[in-house]
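1. Give me a 3D structure for the following:
(chains A and B)
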Amino acid sequence: DVKVTQSSRYLVKRTGEKVFLECVQDMDHENMFWYRQDPGLGLRLIYFSYDVKMKEKGDIPEGYSVSREKKERFSLILESASTNQTSMYLCASSSLAGVVNEQFFGPGTRLTVL
Amino acid sequence: RKEVEQDPGPFNVPEGATVAFNCTYSNSASQSFFWYRQDCRKEPKLLMSVYSSGNEDGRFTAQLNRASQYISLLIRDSKLSDSATYLCVAVTDKLIFGTGTRLQVFP
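-> Okay, here's the model as predicted:
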């Protein structure tokens, strides 16, 4: 079974803090994604990556950055957390670089910014 | 207009009932679709893929109507464990998620 893990299930940070969300997958998938999920808005794509050291902006990249130094790890960085970044953050991975197909999700990180 | 639209529900049905959800999509270039299931406070998990006119997996049937641009999910003989939110996903150059339809099955 594909396993996608995220570093924290719940996280509370203060406005202005730098926040790191880590995601690791163990199935040698090429593609990795970061989404946020908010009530009434569904899942929105923040950033994605099809290869190591490669990154592409999704639909809502503002206020976020990412890092992919190793194939299995994709990090989401909030440079200066704000209250409107309070959300559920979901990491996902899929196989076949650049091919849009089924994605496997991690358990999510519920981030609260005070 | 949202690219993928779903009735948020909730659909409250008794055990054993048959229930159907519809999902409409706006991009006619979408060639394939997914239904994901998401339990409360959990991650989405793939329920089924829809690549042509439809797909069937046990009690679950998905149908695709390209002319009218909608996909349906039919659940027969509902179980308590089917209670969840069902996300419709259209595939273009990325996955486009609907906001989900909530199903509550009661005894």
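
2. mind listing the strands for the chain?
-> No chain specified, so I'll use chain A. Counting by DSSP state E, chain A has strands at residues A:4-6, A:10-13, A:19-25, A:31-38, A:42-49, A:56-57, A:64-70, A:73-78, A:87-94, A:104-105, A:109-113.

3. nope, chain B please
-> For chain B, strands defined by DSSP E occupy the ranges B:4-6, B:11-14, B:19-25, B:32-38, B:44-50, B:54-57, B:60-65, B:70-75, B:84-91, B:95-97, B:101-106.

4. mind exporting the fifth one as PDB, just the C-alpha atoms?
-> Same thing as strand B:44-50. Below are the C-alpha coordinates for strand B:44-50, written out as PDB (Å, rounded to 0.1, in the frame of the first residue of the first chain):
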ATOM      1  CA  PRO B  44      -9.700  11.600   0.800                       C
ATOM      2  CA  LYS B  45      -9.400   8.000  -0.500                       C
ATOM      3  CA  LEU B  46     -10.100   6.800  -4.000                       C
ATOM      4  CA  LEU B  47     -13.400   5.100  -4.400                       C
ATOM      5  CA  MET B  48     -13.500   4.500  -8.100                       C
ATOM      6  CA  SER B  49     -12.300   5.800 -11.400                       C
ATOM      7  CA  VAL B  50     -14.500   6.600 -14.400                       C
END
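
5. Go through stretch B:80-93 and flag the buried ones.
-> By neighbour count on 16 or more other Cβ atoms under 10 Å in any protein chain shown, the buried set for stretch B:80-93 is B:82, B:83, B:84, B:85, B:86, B:87, B:88, B:89, B:90, B:91. Just so you know, the C-beta spots here come from the backbone N, C-alpha and C atoms, and that holds for glycine as well.
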